[in-house]
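Asks: sequence unavailable; structure follows:
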């Protein structure tokens, strides 16, 4: 894992990042997305894969799971709960794991 600066992104940088993250949006100073799966097992398996990516980055999502839904919010607490490059990197990894979902 390389060092990622914990500097909040500008609104323009966030908008640019979101163009490469279909389904993601900016909600209350966090990147947010809800993923829907066929059942709980599939949702939990996805969360497990995301957990490994989060641990690799040393950056962990705020998330919740209800049956077949996984809601994820990404912001950097050490940067005043703002969006940083670290959040964008984790969102990109999550997006790749989710495939065309």
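Replies: Nice, I can see it. Predicted model, so just to flag it, every value in this text is computed and none were measured.

Asks: look up how far residue 77 lies from residue 98.
Replies: Relative to residue 77, residue 98 is positioned 24 Å away (Cβ to Cβ, to the nearest Å). C-betas here are computed from N, CA, C, even on glycine.

Asks: tell me which of the two has more neighbours.
Replies: Using other Cβ atoms under 10 Å as the criterion, residue 98 and residue 77 rank with residue 98 on top: 17 against 11.

Asks: any weak-confidence spans in this structure?
Replies: 1-5, 101 (pLDDT under 70).

Asks: recalculate using a threshold of 80.
Replies: Residues of the chain that meet the criterion pLDDT under 80 lie in 1-5, 100-101.

Asks: quick one: the helices in it?
Replies: 11-19, 40-57, 85-98 (DSSP state H).

Asks: can I get those in CSV with distance to residue 67?
Replies: Converted to CSV, the helices of the chain look like this (distance: least, Cβ to Cβ, whole Å):
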stretch, distance to residue 67
helix 11-19, 27
helix 40-57, 5
helix 85-98, 17
